[in-house]
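A.B. asks: Structure of the sequence below:
(3 chains)
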Amino acid sequence: MKTKHLLWQIFGPVLLAVLLIAILLSLPIHYRKVSAQEMRKAAVSLDTATFKNQFLKQKALQNKKVNYVPFFGSSELERMDEFHPSVMSAKYYNYRPFLLGKKGAQSLPQFLAMETILPELKNRKVVFIISPQWFVKQGISPAAFKYYNGSLADLTWLKQANPHSAYDRYLAQRLITLLGSNDEVSQLAAKIAQGHQLSSLDQQLISVQHNFLWHEDELFSRFRPDDNYLNRIKPRLNNLPTKYNYQKLQTMAQADGQKHSTNNHFRILNKFYAQRVKPHYKLLAGAEKHFSYLQSPEYADLELVLHQLAKQHTQVLFMIQPVNTKWTAYTKLSLPMYYRSVAKIKFQLRQQGFDQIADYSHDGSIPYFMQDTIHIGWLGWVKFNHRVNSFIQTKQPAVHYHLKKQFLSRKWQQLKPDQQNLQRFASQIN
Amino acid sequence: MDLEEKVIKILADVTANDEAEVKAMGDQDLFKSGFLDSMATVELLVTLQDELGINVPVSEFDRQQWNTITKICNQIKELQK
Amino acid sequence: MTSFLTNLPNLKVYGTPTYFIYLLLAILPLGISLYYGKRLVKYEFLVNLVFLFLMFDGQSFPQLLALLGFLCWQTLIVKFYLNYRRQANQSSVFYLAVFLSLLPLVIIKVTPALIGQNSIIGFLGISYLTFRATGTVIETRDGMIQEIKTYHFIRFLAFMPALTSGPIDRFRRFEKDYQQLPSRQEYLQMVAKAVNYLFLGFLYKFILAYYLGSRLLPILEKQALFYSPHFTWYLVGVMYVYSLDLFFDFAGYSLFAVAISYLMGVKTPMNFNQPFISKNIKEFWNRWHMTLSFWFRDYIFMRFVFMATKKKWIKNRHLLSSLGYLLNMLIMGCWHGLTWYYILYGLMHGLGLVVNDWWLRYKKQHLKWLPHNKLTTGIAIFVTFNFVMLSFLLFSGFLNQFWFGSHILNK
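C.D. replies: This next block holds a predicted model:
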C-alpha cells in the first residue's frame, strides 16, 4: 500500500505534466493574438521556422491594417541595403513585403511554404523571384530541401493530396527522392505516388499530428529570432530622402554602389568580395565554364508552384534575376546558355498565362544594378521596387491561367531550349 | 595521554590551531567547516604513521569516516587492533 | 559490412527527446526487476551493448573499434597488475602500469598538437574511461582492491549512462552497488530522485543551455569579434554567457547520467553541487565537476604531498601545498588539451588556490577583527564567482580567436 502511494508520488506529477501538454497541444483553442510589431518583425526575419510553418505568415496575411505582400525568393532577399524592398516600402509605399525564402530556397520549398497559406493567397497579389541558378542538373539538393522542409507543411499537403492528380503524384515522387524512403512523410507519399488513397487511419494520424504541430507553431512562434527589423531595416530608413523621387533614388543607389565596391573591379560589394571571392580568387577563374541551367527537374518543380498559384487565382509578378556580366566574364559562365535558360523559364510562364514578368536578365551589365555576383541590389532594387509598386497599385485584369500538364514531364525538364524546340513543344501542347 | 588528547594535539599541529580551538569543534564536520583540507589530511596521515605506526593508504581514506574527532578516534582504534 | 555500418543512424547521447524515449523504454524492464529485488544481469549487458553501438555507429564507427581496443588494453593492464600485486609491490612496476594505463589518453592529447589532426585511437569519452581505469590501478597498489572480475571491470569502465562525459565513478564503490541490491524503499527513493534529476536536466540542458549557448552566445561573440582585438563590454557578456552555458550544459548532462544510473540501481556520484555559491576557490572545486576534481585531489595532489612529506623533500608545508596545487591544476589544464589557454587556465586556478590559502592564513593571523556576516560572505561569493567566470573565458578559447584569429572579414 505504502509503495503504491510512493509510486504515485513519483510518477503522478510526470503523468499530469504529460497530460497537460497533450491537452494544451490538442484542444482546438487558439491561445494568442499577434501584435502589429510582431508581424512587422516576422515579415523581415527571414527565419526558417517561420518560413516552413504557418502561424505568423497566416496572421500577417490575414490582418486588415497592413497590406503584406508575399515576396517568394531566395538569397537576394538577404541583401538588406538601403534600397531593399522592405526598407523602401516602409519609407514610401502602402504595402509591406513578407519575405519568404533565403539562400537555397527553390521552387519546392516555396511550394510547401505556400501550402500553409493557400486561403490567404486566393486572389492576392504576390511577387515571385526566380533565379536561373536554381535550374541545375540535379535540381534542389536534398540537404537544402531538408533544411527548409517542415512536417506541418508536408502534412497539410498530405491531408488533401489527390492520388489521381498528376501534380500530387509528381510531388510525392520528389518528396521520396529528396527525403529518402525511410522518412515518415515519404512513406505516406509513396501511397500517393502509386495512385492509392491514404487509409482513414493514415488520415486520422495525420490529423492528430497536424493539430499538435499547429499548436506547437502557435505557441513557439513567439520565441523566434527577429532582430532583422531593428538591426537592418529600421536604421536604414533615415538614410533615404523623405520624398519619393525615382530619378534621385536611382542616382543615389548608383553612388552608394560606387562607394561600397572599391576593392575589386567587378562592382561587387566590398565585404562580399573580401569574404567570398578573394580567398578563392584564383580557383574561381573559369570555374563556371561548364555550368548549365538548361535541363533540370527544377522546371517541373516550378510547374507545381504555378499550378498552386493558378488554383488560387493568385496574381503574380515574376522577377528574373540577372547575373553580373563582369563577373561571368571572369568565371566564364556562358551567357548564351544563361539567356536560353531564361527563355525556357519565360516560355513556361507565358504559355500558361503568367504574363507579368520583370525580366532583368539583360540588365546585369548596368553599373550597380547588382550588389554582387548573382544578386540584385542598389540600382536593381530601386527599379524593381518601382515595378512592384506599380503592379500593386494598378488594378490588374482578371487572371486567365491555363495550365499544361506537359510541363511536369521529363521531356520538358530535359528539353534543350532553342527557338525550334520551344516552338515544337508549343505546338504539341496546344 | 589518552587517544583523544593525542588526536587533538595532532589536529592542532596539522591545522596550525590551538588545542582549545580544536576542542571547540566538538562533533562538527571537520571537512565541511573547512577546518581540515587535503593538505592537512595528508599531514594527519603522515603523523599517524610516524607517531602511532598506523598505515592508512590514501585510497582508504574515506572522508565520511574521518570527518569528526570522535570518528577519527574510532578509526584509529579500529586500525590499531 | 563497414559501409552498411556507416550508414546507420547515430543517436546523439541525451541529445533529443527520442533518445530519452528509447533509453527509458530499454531500461524499463531493469527498473521493474529491481523493484522486485532482482537484477537482470544479462539484459543489462544487452542494453549497454545496444546503446554503446548506437552511440558509435554510423560515421563514428571507427570510434567503436577504438573503444573496444581501449577496453581490452585497460583490462589487460589491470588484470596483470593485480596478479603482480598479489606477489610483490615494486614501485617501478606500479609506475609502469599507471603509465601504460594513461598512454592512450596521452597519445590522443599530444597527437593534435604534433600533427594537427586527431588520433585514430580516440573516441568520445576516452578521458573519463582512462580516469576510471587508472584509479583502479592505483587502488590496487594500495591493496584496497583484492579481486577484479574481467566482466565486472568492463561493465564498470564502459557503464553506458556515464560513458561519454562522466561522472567518474570508482571501482570499489561501483561494485558495492552490484553486490548489494537496494531494498524496495531505497530503490523507490532513487527513482524519485532520478525523475527529479531528469526534469532538472531538461530545464538545464534543453532550455537554459540552449538559450544561452545557441541563441545568446553567437550574437555576443559576433559583436565582440567585430571590435576585436579591442575590448568592448560584449566580451564581458561572452564571458558570463559562455560560463553559464558551460555549467547548465554540463550539469544538465551529468544530471541525466546520474538519473539513468539511479534507474539502473547504481548510485553514480553527483558532479555538481551549486558551484556558484562557493565562498572561495577551494570550496568551488569541492562543488564543480566534483568527480574529476576529487579524482585529481585523491590521486595526484594527496599522493604528491604525502610522498613529499614522508620523504621530507620539502619541509615548509605552505610551500609544499602551493606546489601541490600548481602541479594538480597544471596537469588538469594539460588534460583539457595542449593549448596555451587550457594551460593558462590550469595555472590560473593553481595560483588561485595558493593565494586563497595565503589569504585564509593572513586573515586568521592579522584580520581577526574582520566580521563574518552576510556582507563579507556576499563579497567572498562575488569575488570567487567572477574569478571563476574570468577563468572560464580563458578556458573557452574565445580569446584565441579574439586576439589571434583572422579578422571577421576574412572568414
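
A.B. asks: use CA for all of it now, contacts and neighbours both
C.D. replies: OK.

A.B. asks: biggest helix in the chain by residues?
C.D. replies: Going with chain A. With secondary structure taken from DSSP state H, chain A has its longest helix at helix A:2-26.

A.B. asks: My question was about chain C, not that one.
C.D. replies: Assignment by DSSP H gives helix C:233-263 as the longest helix of chain C.

A.B. asks: after that one comes which helix or strand?
C.D. replies: helix C:281-285 (DSSP states H and E).

A.B. asks: Not counting the helix or strand following that following helix itself, show me its contacts.
C.D. replies: Sequence order places helix C:290-296 as the next helix or strand after helix C:281-285, per DSSP H and E. For helix C:290-296, contacts defined as Cα atoms under 8 Å, 6 or more residues apart in numbering or on different chains pick out C:131, C:135, C:167-169, C:269-272, C:285-286, C:328, C:332.

A.B. asks: Of these, which is the nearest to chain A?
C.D. replies: The closest of the contacts of helix C:290-296 to chain A turns out to be residue C:270 (Cα to the nearest Cα; 20.4 Å).

A.B. asks: For that closest one, report the pLDDT, please.
C.D. replies: Residue C:270 carries a pLDDT value of 96.

A.B. asks: which strands and helices sit next to the longest helix of chain A?
C.D. replies: Applying 3 or more Cα pairs under 8 Å, 6 or more residues apart in numbering or on different chains; DSSP states H and E, one finds that helix A:2-26 contacts helix A:200-220, helix C:184-201.

A.B. asks: right, and the ones you listed - which one's nearest chain B?
C.D. replies: The closest of the helices and strands packed on helix A:2-26 to chain B is helix C:184-201. By Cα to the nearest Cα, the value is 20.0 Å.

A.B. asks: returning to what we had before: most neighbours out of the contacts of helix C:290-296, which is it?
C.D. replies: Of all the contacts of helix C:290-296, residue C:168 has the most neighbours under the rule other Cα atoms under 10 Å in any protein chain shown, reaching 27 neighbours.

A.B. asks: Residue C:67 reaches residue C:127, doesn't it?
C.D. replies: No. Using Cα atoms under 8 Å, residue C:67 makes no contact with residue C:127, being 11.6 Å away.

A.B. asks: buried ones in stretch A:131-146?
C.D. replies: For stretch A:131-146, a neighbour-count test (16 or more other Cα atoms under 10 Å in any protein chain shown) marks A:131, A:132, A:133, A:134, A:135, A:136, A:137, A:139, A:140, A:145 as buried.

A.B. asks: Touching, the third one and residue A:293? I think so.
C.D. replies: Yes. Distance between residue A:133 and residue A:293: 6.7 Å, which falls inside the contact criterion (Cα under 8 Å).

A.B. asks: Quick check: neighbours shared by those two?
C.D. replies: Common contacts of residue A:133 and residue A:293 (Cα under 8 Å, 6+ apart): none found.

A.B. asks: Just the pLDDT for the residue of chain B at minimum distance from chain A.
C.D. replies: Going by Cα to the nearest Cα, chain A is nearest to residue B:64 of chain B, at 29.2 Å. Per-residue pLDDT puts residue B:64 at 85.

A.B. asks: Can you tell me the number of residues neighbouring it?
C.D. replies: The local packing of residue B:64 (other Cα under 10 Å) involves 10 other residues.

A.B. asks: for it, phi and psi?
C.D. replies: phi -60, psi -30 (degrees, to the nearest 10).

A.B. asks: what's near enough to touch the residue of chain B with the smallest separation from chain C?
C.D. replies: When scored by Cα to the nearest Cα, chain B has residue B:42 as its residue closest to chain C, at 5.6 Å. Listed by Cα under 8 Å, 6+ apart, the contact set of residue B:42 reads C:302, C:305, C:306.

A.B. asks: Then residue A:150?
C.D. replies: A:52, A:53.

A.B. asks: pLDDT wise, what is it at?
C.D. replies: Model confidence at residue A:150, given as pLDDT, is 92.

A.B. asks: ok, it to residue A:44 distance?
C.D. replies: From residue A:150 across to residue A:44, the span is 20 Å (Cα to Cα, to the nearest Å).

A.B. asks: tell me the mean pLDDT for stretch C:295-302?
C.D. replies: Stretch C:295-302 comes out at a mean pLDDT of 92.

A.B. asks: shaky segments in chain A?
C.D. replies: A:1 (pLDDT under 70).

A.B. asks: mind listing the strands in it by residue range?
C.D. replies: Using DSSP state E, the strands found in chain A span residues A:67-72, A:95-100, A:125-130, A:315-320, A:357-359.

A.B. asks: partners of the last one, with directions?
C.D. replies: If I follow you right, that is strand A:357-359. strand A:315-320 (parallel) (DSSP bridges).

A.B. asks: contacts for the partner strand?
C.D. replies: With Cα under 8 Å, 6+ apart as the contact definition, strand A:315-320 has outside contacts at A:123-132, A:309, A:342, A:354, A:356-361, A:388, A:391, A:396, A:399.

A.B. asks: Make a PyMOL selection of the buried ones in the residues you listed.
C.D. replies: Buried members of these, defined by 16+ other Cα under 10 Å, are picked up in PyMOL with:
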select buried, chain A and resi 123+124+125+126+127+128+129+130+131+132+309+342+354+356+357+358+359+360+361+388+391
